[in-house]
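Peer 1: This is a predicted model, with the sequence first.
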Amino acid sequence: MEPVIVYCCRDRVDNVLELSDCGQENSIVRFKNLKIFTYGNNKTPSCFQRGASVEFPGYITVSSGQIVVNETLVLNNNASLYFTLRKNDFFVNNVCKKGVSSHFAMPRRYCKPDLCTALGADFCALIGNKGVHDLNTLQISRQQFIRTDISDPFAKLLLRGEWKGEIQLFYINDFVGCLAFPPNQRQWIRVNH
C-alpha cells in the first residue's frame with residue numbers, strides 16, 4: 001500500500017500567491033513584492049498541494065507589497081486590465097493575449113475587464129493616487145475580498161488547470177503597468193472551479 005500524502009492549507013501561509021512587476025522602469029504604476037491570499041467560495045484558504053490555488057468562484061485579498069504610482073490617474077471608466085493567459089495544456093495554450101480572446105470558449109470581456117469593476121472602488125482609488133502605497137499598513141488590502149468568478153459555463157470549464165500570465169494595466173489606451181504571475185515563469189498556478 002502506498003502512503004497517502006496529505007497537504008494542509010494554512011491561511012496566510014500556504015495560500016500565498018506572489019506577483020512580480022513586468023513593467024518598464026519608467027512605468028507610471030510599479031509593483032514591489034506584491035502578494036495575495038487565495039480563498040474558496042466559502043472564504044476558506046485555497047491551496048493545491050503546497051501552494052496557492054485560485055478558485056472560480058472564490059476570493060482573493062491583497063496581502064502585502066507596495067504599489068508605486070508616479071502620477072495621478074482618473075481611472076473610472078478610463079482603465080482596463082489586459083490579460084495574457086497561458087494554460088499548461090498542449091491543446092489549449094493561449095486563451096487571452098494582451099486583452100484579446102484567442103480561444104472560442106473565452107469571451108472577450110474576461111480578457112479585458114474594466115480595472116475599477118474588477119478590483120473594486122477602493123483599489124481603483126488607490127491605484128489612481130500618486131505616491132508610494134504600502135499595502136502592509138493599509139486596512140483596505142487586508143479586509144477587502146475581491147470576488148473571482150466567471151459566469152460563462154464554457155469559460156469556467158476551460159479555466160480548470162495550471163496557468164501563468166501577465167496583467168497589463170492600460171489608462172486611456174496607454175500602457176501604465178504590468179503584473180506577472182507566478183513571478184518565476186517556469187512555475188504554474190493551479191486554478192479550480
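Peer 2: Arrived safely, thanks for sending.
Peer 1: If Glu162 is in a bridge, with which residues?
Peer 2: With DSSP bridges as the criterion, Glu162 is bridged to Arg190.
Peer 1: so how many other residues sit close to it?
Peer 2: If you count neighbours by other CB atoms under 10 Å, Glu162 ends up with 15. C-beta: built from backbone N, CA, C; applies to glycine.
Peer 1: For it, give its distance to Tyr59.
Peer 2: 20 Å (CB to CB, to the nearest Å).
Peer 1: Would it be right to say that Ile127 lies in a helix?
Peer 2: Yes - the assignment for Ile127 by DSSP: H, G, I helix; E, B strand; the rest coil puts it in a helix.
Peer 1: can you pull the contacts of it?
Peer 2: For Ile127, the contact set (CB atoms under 8 Å, 6 or more residues apart in numbering) comprises 29, 67, 69, 73, 75, 79, 115, 119, 169.
Peer 1: and if you look at Lys87?
Peer 2: When contacts are counted by CB under 8 Å, 6+ apart, Lys87 touches 93-95, 158, 161-163.
Peer 1: what about the helices in the protein?
Peer 2: Per DSSP state H, the chain carries helices over the ranges 108-111, 115-119, 121-128, 139-143, 153-159.
Peer 1: and the ones you listed, which one is worst for confidence?
Peer 2: The weakest mean pLDDT among the helices of the chain belongs to helix 139-143, with a mean of 54.
Peer 1: coming back round to it: want to try a markdown table for the helices of the chain, with distance to Asp174 as columns?
Peer 2: Shown next, in a markdown table, are those (distance: least, CB to CB, whole Å):
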| stretch | distance to Asp174 |
| --- | --- |
| helix 108-111 | 18 |
| helix 115-119 | 13 |
| helix 121-128 | 14 |
| helix 139-143 | 26 |
| helix 153-159 | 28 |
